[in-house]
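K.L.:
Have a look at this prediction, sequence included:
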Amino acid sequence: MEREELLEVARGDRPADRVLAGAKLVNVFSGEVLETEIALAGGRVAGVGRGYEAAERVDLGGRYVAPGLIDAHVHVESSLVRPAEFARAVVPRGVTTVVTDPHEIANVCGLEGIRFMLRDAEGVPLEMLVNASSCVPATHLATAGAALDAGDLAQLLSEPHDRSKVLGLAEVMNFPGVIGGAPEVMAKLRAFAGRVIDGHAPGVTGKALNAYVAAGISSDHEATTEAEAREKLRLGMTVYLREATNAHNLLALLPLVDRWTEPHVAFATDDRVPADLLDQGSIDHLVRLAVAHGLEPIAALRIATANPARHYRLDDRGAVAPGRRADLVVFSSLEDFRAEEVWVAGRKVAEGGRPLFAAPPADAAAVAGTVHLDPEALDFRIFLDGASGGGGGRRTVRVIRAIPDQLLTESLTLPARVEGGLALADPARDLAKIAVVERHRRSGRIGKGFVTGLGLSRGALAGTFAHDHHNLVVIGADDRSMTTAARAVAAAGGGLAVAEGDRVAALLPLPIAGLMSAEPVERVRERMDELLAAARELGAAAYDPFMAMSFLTLEVIPTLKMTDLGLVDVERFEIVPLFV
């Protein structure tokens, strides 16, 4: 609909497409709840108020209407399903816009991966907007499947297919590079000057944080304490209150929110798996959680709608107001927000928690066949001197300690269990092996070490979902089980597996870049449930050990992580020896 036609409807000179009557409108500008009617035309809100004529009148029966929810930062790939299936999970929950960083698939397939994500989302009623992935690879401390420089990323701003969907630059994870003014990082910041640039600065404070913000970075989703978040907010950053599958930060940060700070925070899910999306929800879950812990309901809805829209300069959404997209959520309780109807661009697309649309078939040929390694050459032995056949006698090792419900880890030094010149896993002490196998270039390179905190007493877990390089990661109590799990994942073209000895106990193939399934989200959830049950049989204690495992390889979140190049001390930003 042309703007002039919309004005005719707004003036009352022309009938609306439909009028939503009997509405209690949650006005995120004024903080009021207004009993009114909403006129829709051409996919937009034409007017708010009584007296509009329309071809169709819909009586909402006195229920509330709020703007469609906006996820300020999410990696769709972490749902293990493609964007069209992700939409089937989140749209019925009231989420109508997501701001995504597709750097998971970009680290495997480069620009073609980003283009696949945009194409796949075209046929569903979810507005998937993209921030160009700034860190492909995340750092020089791991091997990724692609490398995108400033010129590559700038292409996304010039291609007609992508231009309208690309907002700015995604989380700049190489915070040492930003703070130190690394030329390749500064080139990317310059390429996106004038656009929104998102941040990722876990634990960065003081003068280093001043430098990070001075580079033009305007948000952060990695704060884990109120003090850290407040320091970032004081310097002008928008702080995202994150509640992911494996990073539960919302309640720790909620005391930050008051009448002064509330306009400068937004909700983000970052990474959520199918079970959480289908059982708990997406941004709607964060709204309920915040309200249950004392946040005023309309403030919670504003944080989920108007605030992210303002941050990303999305003046066409985030509120129910004339000229804005008719992305609406109908619900019955402010205190227990649950979407009953969802409207996108003026059309009802979900009702009763179920989508009223189907996902179109996947066209993923360009992002398949991405696991390149020799399964017969896998060797997970750790010799005492770190070299094949050595003796050495060094018996103290650096160990990654996984922290429940956090992406941060701790660095420990523990005595190794030694037999026959080898350092072995020691399940009795909750000491498992961790290995990262380079899977993009068939180099044969394997980083090896130890991890504690996962509770694995026997067997092994493996997966090609390993932030952000997405090499093949394996955690196990013995080499035989680790080899079985790794080979199962490689044979599937990517995926997640549980194995014990020579037996594969459960397997979820992820043939799309080794990250996503083409199956319906409900079926992927069922298969994940089977994986989790099999993992718990082996003693895995984490709520989702696969999500926990995937972040043990992310070398931009302190303290100690594992990549194919070895152990990474994130605070020193360098590879460190396994043996002390």
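P.N.:
Sure thing, it's come through.
K.L.:
can you give me the helices for the stretch 401-550 of the chain?
P.N.:
In the stretch 401-550 of the chain, the helices defined using DSSP state H, counting those that start in this stretch lie at 479-491, 521-537, 545-551.
K.L.:
Quick one: the helices in the stretch 251-400 of the chain, in order.
P.N.:
According to DSSP H, counting those that start in this stretch, the helices that the stretch 251-400 of the chain contains are 274-279, 283-292, 297-303, 306-311.
K.L.:
TSV please, covering these and showing mean pLDDT, mean neighbour count and distance to residue 212.
P.N.:
For the C-beta atoms, the positions are set from N, CA and C on the backbone; glycine is no exception. As requested, these are exported to TSV (pLDDT from 0 to 100; neighbours: other Cβ atoms under 10 Å; distance: least, Cβ to Cβ, whole Å):
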stretch	mean pLDDT	mean neighbour count	distance to residue 212
helix 274-279	97	20	30
helix 283-292	98	22	25
helix 297-303	98	23	23
helix 306-311	98	23	17
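K.L.:
export those to a markdown table and tack on distance to residue 373?
P.N.:
Below are these laid out as a markdown table (distance: least, Cβ to Cβ, whole Å):
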| stretch | distance to residue 373 |
| --- | --- |
| helix 274-279 | 27 |
| helix 283-292 | 37 |
| helix 297-303 | 44 |
| helix 306-311 | 40 |
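K.L.:
Select, out of those helices, the one closest to residue 176.
P.N.:
helix 306-311 (25.0 Å; Cβ to Cβ).
K.L.:
Pull the CA coordinates from that closest one and hand them back as PDB.
P.N.:
Coordinates of the C-alpha atoms in helix 306-311 are reproduced here as PDB (Å, rounded to 0.1, in the frame of the first residue of the first chain):
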ATOM      1  CA  ALA A 306      10.300  -0.300  21.800                       C
ATOM      2  CA  ASN A 307      13.800  -0.400  23.300                       C
ATOM      3  CA  PRO A 308      15.400  -2.800  20.800                       C
ATOM      4  CA  ALA A 309      13.500  -1.000  17.900                       C
ATOM      5  CA  ARG A 310      15.000   2.300  19.000                       C
ATOM      6  CA  HIS A 311      18.500   0.900  19.400                       C
END
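K.L.:
Who are the packing partners of that helix?
P.N.:
strand 69-74, strand 265-268 (3 or more Cβ pairs under 8 Å, 6 or more residues apart in numbering; DSSP states H and E).
K.L.:
Bridged to the residue nearest to residue 250 when sequence neighbours are not counted, which residues?
P.N.:
Using Cβ to Cβ, 6 or more residues apart in numbering and skipping residues adjacent in sequence, the residue nearest residue 250 is residue 243, 4.2 Å away. Beta-bridge pairing of residue 243 under DSSP bridges involves residue 248.
K.L.:
Surely residue 243 and residue 269 touch.
P.N.:
Yes: using Cβ atoms under 8 Å, residue 243 is in contact with residue 269, at 6.5 Å.
K.L.:
Overlap in contacts, these two.
P.N.:
Common contact partners of residue 243 and residue 269 (Cβ atoms under 8 Å, 6 or more residues apart in numbering): residue 286.
K.L.:
higher neighbour count, those two?
P.N.:
Between residue 243 and residue 269, counted using other Cβ atoms under 10 Å, residue 269 has the larger neighbour count: 30 against 24.
K.L.:
ok, for the more buried one, nearest residue in space, not its chain neighbours?
P.N.:
If the residues on either side of it in the chain are set aside, residue 269 comes closest to residue 74, at 5.1 Å by Cβ to Cβ, 6+ apart.
K.L.:
The one you found touches residue 268, doesn't it?
P.N.:
Yes: counting by Cβ under 8 Å, residue 74 sits close enough to residue 268 to count as a contact (6.7 Å).
K.L.:
which residues touch residue 478?
P.N.:
Per Cβ under 8 Å, 6+ apart, neighbours of residue 478: 425, 458-460.
K.L.:
circling back to that earlier point, ok, how many other residues are close to the residue nearest to residue 269?
P.N.:
Per other Cβ under 10 Å, the neighbour tally for residue 74 reads 25.
K.L.:
Of the contacts of residue 478, grab the buried ones for PyMOL.
P.N.:
Buried members of these, defined by 16 or more other Cβ atoms under 10 Å, are picked up in PyMOL with:
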select buried, resi 425+458+459+460
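K.L.:
Farthest-apart pair in the contacts of residue 478, please.
P.N.:
Across these, the longest distance by Cβ to Cβ is 10.8 Å; it joins 425 and 459.
K.L.:
Just to confirm, what confidence does the model report for the nearest residue to residue 327 once chain neighbours are set aside?
P.N.:
Of all residues not flanking residue 327 in the chain, residue 68 sits nearest, at 3.3 Å (Cβ to Cβ, 6+ apart). What the model reports for residue 68 is a pLDDT of 98.
K.L.:
residues contacting the residue nearest to residue 15 when sequence neighbours are not counted?
P.N.:
In space, and not counting its chain neighbours, residue 15 is closest to residue 53: 4.5 Å by Cβ to Cβ, 6+ apart. Applying Cβ under 8 Å, 6+ apart to residue 53 gives the contacts 12, 15-16, 19.
K.L.:
contacting residues for residue 244?
P.N.:
269-272.
K.L.:
ugh, wrong one, I meant residue 507
P.N.:
Residue 507 makes contact with 488-489, 492, 495-498, 531, according to Cβ under 8 Å, 6+ apart.
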